[in-house]
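1. Sharing a model that was predicted from the sequence below.
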Amino acid sequence: MKKKVLLSLLLTTLVLLTISIPDLLAQPVVAPPPPVGGGGPPCWPPPCVPIDGGISLLFAAGLALGGRKLIKSSKKQAL
């Protein structure tokens, strides 16, 4: 039984690696050179960093995990 599980895990890993290899070998996108004479920032207002989407979800997940750990810890101390 253990051999079957190990074989299926190995085959699954092999298939996933085979599928993902073309993505790993992709060439990076080359940005066009900046215009001559300096030019301004490519977007306005200048700090053009999209922070809101992923960071807020990551922060919420960290709060939820921290709260769960805190509750578990307080339950262990009460026993």
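-> Good, I have the coordinates. Numbering: from 1, shown residues only.

2. Report pLDDT for the spatially most central residue of the chain.
-> Central residue of the chain (CA atoms, centre = their mean): G54, 9.0 Å from the mean position. We have a pLDDT of 76 for G54.

3. ditto for the one 10 residues further on
-> Model confidence at A64, expressed as pLDDT, equals 95.

4. what about it, neighbour count?
-> If you count neighbours by other CB atoms under 10 Å, A64 ends up with 10. C-beta: built from backbone N, CA, C; applies to glycine.

5. what's the answer for L25, then?
-> 7.

6. K72 too?
-> 10.

7. I'd like the average pLDDT over stretch 29-49.
-> Mean predicted lDDT for stretch 29-49 stands at 68.

8. contacting residues for the residue nearest to the centre of the chain?
-> By CB atoms under 8 Å, 6 or more residues apart in numbering, G54 lies in contact with nothing.

9. Please, which helix or strand holds it?
-> helix 52-78 (DSSP states H and E).

10. distance of the residue nearest to the centre of the chain from A61?
-> For G54, the distance to A61 (CB to CB, to the nearest Å) stands at 11 Å.

11. now do P32
-> 37 Å.

12. which of these two has more neighbours?
-> Legend: neighbour count by other CB under 10 Å for P32 and A61, higher for A61 (10 against 5).
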